[in-house]
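Asks: Here is the input, now give the coordinates:
(chains A and B)
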Number of protein chains: 2
Amino acid sequence: MDYSRKGILTPQMKHVLTEEAISEGELLTRIAAGEIALCANKNHTNLKPAAVGRGMRTKVNVNLGISSDSQGGGASPRPAEGKERSSACPEFENCADHDLEFEKARLSVELKADAIMDLSCSGKTQEFRRRLVREIPVMLGTVPMYDAIGFLDMPLAQIPSEKFIDVFETHAQDGVDFMTIHSGINRQTAQRFKRAENKRVTNIVSRGGSLLFCWMEMTGRENPFYEHYDRILEIAQKYDVTLSLGDACRPGCIDDATDAAQIEELITLGELTKRAWERSVQVMVEGPGHMALNEIVANMQIQKRLCHGAPFYVLGPLVTDVAPGYDHITSAIGGTLAAANGADFLCYVTPAEHLRLPDLSDMREGLIAARIAAHAADIAKGIPGARDWDRKMSEARAALDWNTMLELAIDPVKARAYRESSPPEDSHTCTMCGKMCAVRNMNTILKGEKVEI
Amino acid sequence: MDYSRKGILTPQMKHVLTEEAISEGELLTRIAAGEIALCANKNHTNLKPAAVGRGMRTKVNVNLGISSDSQGGGASPRPAEGKERSSACPEFENCADHDLEFEKARLSVELKADAIMDLSCSGKTQEFRRRLVREIPVMLGTVPMYDAIGFLDMPLAQIPSEKFIDVFETHAQDGVDFMTIHSGINRQTAQRFKRAENKRVTNIVSRGGSLLFCWMEMTGRENPFYEHYDRILEIAQKYDVTLSLGDACRPGCIDDATDAAQIEELITLGELTKRAWERSVQVMVEGPGHMALNEIVANMQIQKRLCHGAPFYVLGPLVTDVAPGYDHITSAIGGTLAAANGADFLCYVTPAEHLRLPDLSDMREGLIAARIAAHAADIAKGIPGARDWDRKMSEARAALDWNTMLELAIDPVKARAYRESSPPEDSHTCTMCGKMCAVRNMNTILKGEKVEI
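Replies: Numbers count the residues shown, from 1 in each chain, chains lettered A, B, ... in the order given. Okay, the predicted model is just below:
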C-alpha cells in the first residue's frame, strides 16, 4: 500500500498487470485507496500474487487444515490417550492426516483456486503451515485464533490477552499472506448482541468469533484483537500481511441476517479499516453467511459504504438453511449475486458443510461451484474478457467439436468422465438427443442440405 | 378457466386452496385472468393438481422418457438391426429401459417434484405415457413433436402438416396435463432468425424447435402448430390441456441471449397466449435458456409484459456456458434469480446436461438443485410460509438436535449419509469443528457456564 501511494510499481503489481485487465495507473490508485488488496507476505517467496477488489476477477478460496493430533501423515487417526484437550476433531479419520490436507491444497491449485486458507487447529500446525508457504504458489490465509489454543498449549480461559498477538506474529513471520482476525466483536458489539431485543435464532456461528466471545465472557476483558489492534497493524505492516476483518456476527441462518449485531459489527469493521489504511496496511472485510436472496444486494451496498470501498470477502451467502448436503449450491446461488453486486472474493462451501469435514471429492465439488459463481458474476459485472471463455465453448458446441468442449470445461476431468461413460454411436452427437440433436440438424439444414430423421 | 370465469370452484381448485396461501376469490380471479394455470387434464384422474403462477409456490419439473426401441423394460439396450431410423438414442443403455425411466418418475415424486415431462421419442411411447398417467399423481407434460416421428412412423420431411395435430390429440386423450408446442417459431420468426444481422453463435438449440424449423425449411410450409392453432385450442379445451408455449429460439449460449429471434418469438407467444385465453385455454410460456445473470431480471419483466402476466416456465437460465458436468448448479443460480423475479415454474437441469442422458443419480442431483432454487426464490419473493421450513431447521441447529436437522433436510437420505460417514465422538457436534463447535460453546456460555476448551 505504501509503494502504491508513492507511485512505485512493485514486482507483485507487475504480475497483477499481466493477469488482469487494468492499467498501471488504475491499479496504483486503487491499491492506494484500499479498493484493491494485493495479498503478498514478503516471506512467501514463491507466491504468484493475486489482487482482490474493484474491477478484478472474482477470486475463490479453499479452506483446509489439520485438526487432530496429526504427526505429519501418521497412520493413526485417533489421538493418544489423555491428549484430548487440544484435539478439536479427534473422531474424524481424515483430519488426522497431514498428507491428505496437503493433497487438498495441491489439488486446489490444480483446480485453479486463487487462495487457500489453512484452518489447522491442532497437531503440528506450524510444520503444516510452513510446508504450504514453501510449496503453494497461491495466496495463503489463516485464522490465528484457531491455532491459539494448540500453539499456546493453554485452556482458552487462561490465555493472557497479549499472547493471542504472539500467534498472529508467528503466522506473519511464517509467510501467511492474509489473516482473519475477529476484531469487530468487541465489548460494544457483544453488548448489542446480548440485548433481548436483538435475540438471534442461531447466536454466533463463527468459530473464531464464538471463541473470542467466550474468552471475553470468561475473563471480563476486551477482545485482544481489538485492544491490541495497533500492535497488529505494526506486525502486519512489517511482513506485508493483509488483514481480513472477520465477521463474528455473520448470520447463521436467514432469519438472523442483516440484524443489529451484524450491522453493529460492520460499523466497527469500517472504523478498523480506516485505522489500518492510515498505517498502510491492506484490508479485506468478511461478510455473511446465511441470507435470503432478496437481502444480498443491499448487504453488498451497505458493506461497500460502511467499509469505504474495501474488498469484500464473503462466505456464501447461503440462500436457504434447509439444504445440508447441497450447501455448495445454496452458496453458489448467493455468491453469484453477491459477487455481481460488489463482493470480490468468495470462500468455497462444500456439500459437507453443516455435516462433517469435507473429503477430497467434497473439496472438488465445492471449489468448482465457487468458481462457477465467481465466473458467472464476472460475466454479469462486465470484467473484460470474462465472456471470451463462454464464447469459445459455445463455438465449439456449435461445431460439435467435442475435444475442444471437454478441454474448455471448468472441470475437464468430470466432463470427460460423463462423456466417456456413455459414448454415442455418432461421435458428433451425445446420447441425450442422438439423431434429434438440434445442433447437428440445424447445421445441416442451414447448409441447405436435407435432414434425415 | 371457464369455471373460474363463472366463479365456480372446482375440486381441483379446492385442492389448490389446501396447498397454497391464497384465498378462494384471488385464486378464481387469477385463473380467470390467466395469471395462474391449474394444469389438470380431465382424463388424469389420480392427479393431485398443482397451480402454477402468480403468488403460488414455485414449481419444479423433471424430464425423463424412453428414447430407444424399448420393449417395456426389455433387457436389450440396442435396437434391432434395421430399426435405426426411429431410434434417437440407440447407443445409450439406460434409455432403452422403460422400467428405469419409470423408476425416475417414481423417485421424482418421492423427492417432491411438482411435475414430470415425458420426453419419450421412440419405442412404446404410448404405453409408457399411459402408465405414467395411471400411476403418477403429479402433473404430466409432453412434447408431441418429440413423439411425432415415431408415432406417425414417417421421415420428418414427409409428415403432412395436419398429422402433427393428431399426435397432440392423442396425448390429450391419454390424459397429459400440459403440452409444449413450439407455435412461436412461425415463418416470420424463422425469417428474423435467418437474417445475417441476427446471426447466432448456436442457432436453434431447442430440440422440438429445430425439428420444426427443419420441417418448415424442407416443406416450405408454415409451422403446423401455428397454422392449426385454432384446432389445437379446440382439443386443449375439450380435455383441459394447458398449453406450454415453447421457445424454439431460446438462447443456447449466453451470447445469444435476449436477441432479436428470442424477442420476436416472445411477441408471437404473447399473441398466442391471448388467443388461447379467448377460448378459455390455459397457457404457460417457456423461457430461456443460457443467459448472463445481469440479463435475467429484464427478461422476466419482458416476458410478463409481452405475455400479459401468463405463468413463466423456464429452463435454467444457465448463467455460464463453461460448466458441463455442473449445469445443475449454473441452472440453479439463474433459476433462483428468475423465480424471485417472476418465473413460476423451473425445469430441472442435471449434471449430465450437454454430455449424455442423465441416470438416477443425476436426476436426484438435478431435482434437488431445482428445488433449492425454487425454495430460495419463494423466500425471496415472500411466498407466505416459505421461511417456516428454514426457521425450523435453524432452531434444530441451535439446539444441536441432529435428528430433526436430518429429517428436515431437503434430501434427508444424502444428509444422513454424510453425517453417518463421519460420526463424531460427541454426538452433539460434528467433525467439522468438534470441540470448537460455535453452537455448543455459545449455548454453554450464554447459560452462564464455563466453556472447557
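Asks: only C-alpha atoms for contact and neighbour calcs from this point on.
Replies: Will do.
Asks: and residue A:365, that's in a strand?
Replies: No: when DSSP: H, G, I helix; E, B strand; the rest coil is applied, residue A:365 is found to be helix, with no strand at that position.
Asks: quick one: residue A:231 from residue A:261, how far?
Replies: Computed with CA to CA, to the nearest Å, the distance linking residue A:231 and residue A:261 is 26 Å.
Asks: And residue A:423, by the same measure?
Replies: From residue A:423 across to residue A:261, the span is 55 Å (CA to CA).
Asks: Comparing these two, which shows the higher neighbour count?
Replies: Legend: neighbour count by other CA atoms under 10 Å in any protein chain shown for residue A:423 and residue A:261, higher for residue A:261 (28 against 16).
Asks: okay, now the closest residue to the more buried one other than its chain neighbours: neighbour count?
Replies: Among residues not flanking residue A:261 along the chain, residue A:193 sits closest, at 5.1 Å (CA to CA, 6 or more residues apart in numbering or on different chains). Residue A:193 has 23 neighbouring residues, counting by other CA under 10 Å.
Asks: ok, residue A:193 - contacts?
Replies: With contacts defined as CA atoms under 8 Å, 6 or more residues apart in numbering or on different chains, residue A:193 is in contact with A:199, A:260, A:261.
Asks: try 10 Å
Replies: Residues in contact with residue A:193, defined by CA atoms under 10 Å, 6 or more residues apart in numbering or on different chains, are A:185, A:187, A:199-200, A:203-204, A:249, A:259-262, A:264-265.
Asks: Show me how to select, in PyMOL, the buried members of those residues.
Replies: Here is the PyMOL selection string for the buried members of the contacts of residue A:193, based on 16 or more other CA atoms under 10 Å in any protein chain shown:
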select buried, chain A and resi 185+187+200+203+204+249+259+260+261+262+264+265
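Asks: residues near residue A:420, how many?
Replies: The number of residues near residue A:420, taken as other CA under 10 Å, comes to 12.
Asks: can I assume it is in contact with residue B:355?
Replies: Yes: distance between residue A:420 and residue B:355: 9.1 Å, which falls inside the contact criterion (CA atoms under 10 Å).
Asks: so where do the strands sit in chain A?
Replies: Defined through DSSP state E, the strands belonging to chain A, from first to last, are A:36-38, A:51-53, A:59-64, A:115-118, A:139-142, A:178-181, A:242-245, A:283-287, A:312-315, A:345-347.
Asks: Tell me which of these lies nearest to chain B.
Replies: Comparison of the strands of chain A against chain B by CA to the nearest CA identifies strand A:59-64 as nearest, at 10.5 Å.
Asks: can you tell me if the closest one touches chain B.
Replies: No: applying CA under 10 Å from any CA of the partner chain, one finds strand A:59-64 separated from chain B by no less than 10.5 Å.
Asks: Quick one: list the elements packing against that strand.
Replies: strand A:51-53, helix A:98-110, strand A:115-118, strand A:139-142, strand A:312-315, strand A:345-347, helix A:360-380 (3 or more CA pairs under 10 Å, 6 or more residues apart in numbering or on different chains; DSSP states H and E).
Asks: how about a markdown table for the ones you listed, with mean pLDDT, mean neighbour count and distance to residue A:448 added?
Replies: Supplementary listing: the helices and strands packed on strand A:59-64 in a markdown table, determined by pLDDT from 0 to 100; neighbours: other CA atoms under 10 Å in any protein chain shown; distance: least, CA to CA, whole Å:
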| stretch | mean pLDDT | mean neighbour count | distance to residue A:448 |
| --- | --- | --- | --- |
| strand A:51-53 | 98 | 27 | 50 |
| helix A:98-110 | 94 | 20 | 45 |
| strand A:115-118 | 98 | 26 | 51 |
| strand A:139-142 | 98 | 27 | 54 |
| strand A:312-315 | 98 | 26 | 52 |
| strand A:345-347 | 98 | 29 | 48 |
| helix A:360-380 | 98 | 25 | 35 |
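Asks: coming back round to it: out of the strands of chain A, which comes closest to residue B:97?
Replies: For those, distance to residue B:97 was read as CA to CA. The smallest value, 41.1 Å, belongs to strand A:59-64.
Asks: Return that closest one as PDB; C-alpha atoms alone will do.
Replies: Written as PDB, here are the backbone C-alpha positions of strand A:59-64 (Å, rounded to 0.1, in the frame of the first residue of the first chain):
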ATOM      1  CA  LYS A  59     -11.300 -14.700  -6.500                       C
ATOM      2  CA  VAL A  60     -12.100 -18.100  -4.800                       C
ATOM      3  CA  ASN A  61     -10.700 -19.500  -1.600                       C
ATOM      4  CA  VAL A  62     -10.500 -23.100  -0.400                       C
ATOM      5  CA  ASN A  63     -10.400 -24.000   3.300                       C
ATOM      6  CA  LEU A  64      -8.500 -26.900   4.700                       C
END
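Asks: for the record, mean pLDDT for that strand?
Replies: Across strand A:59-64, pLDDT averages out at 98.
Asks: That one: which residues count as buried?
Replies: By neighbour count, with 16+ other CA under 10 Å as the criterion, the buried positions of strand A:59-64 are A:59, A:60, A:61, A:62, A:63, A:64.
Asks: do stretch A:210-223 as well
Replies: Of the residues in stretch A:210-223, those scored as buried under the neighbour-count criterion (16+ other CA under 10 Å) are A:210, A:211, A:212, A:213, A:214, A:215, A:216, A:217, A:218, A:219, A:222, A:223.
Asks: Check whether it comes into contact with chain B.
Replies: Yes: using CA under 10 Å from any CA, stretch A:210-223 reaches chain B at A:210, A:211, A:213, A:214, A:215, A:217, A:218.
Asks: what about that stretch, distance to the chain center?
Replies: Between the centre of stretch A:210-223 and the centre of its chain there are 26 Å (CA atoms, centre = their mean, to the nearest Å).
Asks: So, low pLDDT: which residues of the stretch 51-200 of chain A?
Replies: A:68-96 (pLDDT under 70).
Asks: what's the residue closest to the geometric middle of chain A?
Replies: Central residue of chain A (CA atoms, centre = their mean): residue A:347, 2.6 Å from the mean position.
Asks: Enumerate every residue touching that residue.
Replies: A:59-63, A:115-117, A:286, A:313-317, A:331-332, A:335, A:366-367, A:370-371.
Asks: now do 7 Å
Replies: Applying CA atoms under 7 Å, 6 or more residues apart in numbering or on different chains, we find residue A:347 in contact with A:60, A:61, A:62, A:314, A:315, A:316.
Asks: So residue A:415 sits against residue B:326, correct?
Replies: No: taking contact to mean CA atoms under 7 Å, the distance of 8.6 Å between residue A:415 and residue B:326 leaves them out of contact.
Asks: out of the two, which sits in the busier spot?
Replies: Taking neighbours as other CA under 10 Å, residue A:415 and residue B:326 compare with residue B:326 leading, 26 against 23.
Asks: separation between that one and chain A?
Replies: 8 Å (CA to the nearest CA, to the nearest Å).
Asks: Skipping adjacent residues, who's closest to that residue in space?
Replies: The shortest distance from residue B:326 to any non-neighbouring residue, by CA to CA, 6+ apart, is to residue B:351 (4.8 Å).
Asks: how about the one you found, what does it touch?
Replies: Under the criterion of CA under 7 Å, 6+ apart, the contact list for residue B:351 reads B:325, B:326, B:327, B:328, B:362, B:366.
Asks: Could you tell me the average pLDDT over stretch A:213-225, please?
Replies: 97.
Asks: so how far is it from its chain's centroid?
Replies: On CA atoms, centre = their mean, the centre of stretch A:213-225 falls 26 Å from the chain's centre.
Asks: hmm, who's touching that stretch?
Replies: Taking contacts as CA under 7 Å, 6+ apart, the residues outside stretch A:213-225 that touch it are A:156, A:157, A:161, A:162, A:164, A:181, A:182, A:183, A:186, A:187, A:212, B:445.
Asks: That stretch spans what distance, first to last residue?
Replies: Criterion CA to CA; first-to-last residue distance in stretch A:213-225 is 12 Å.
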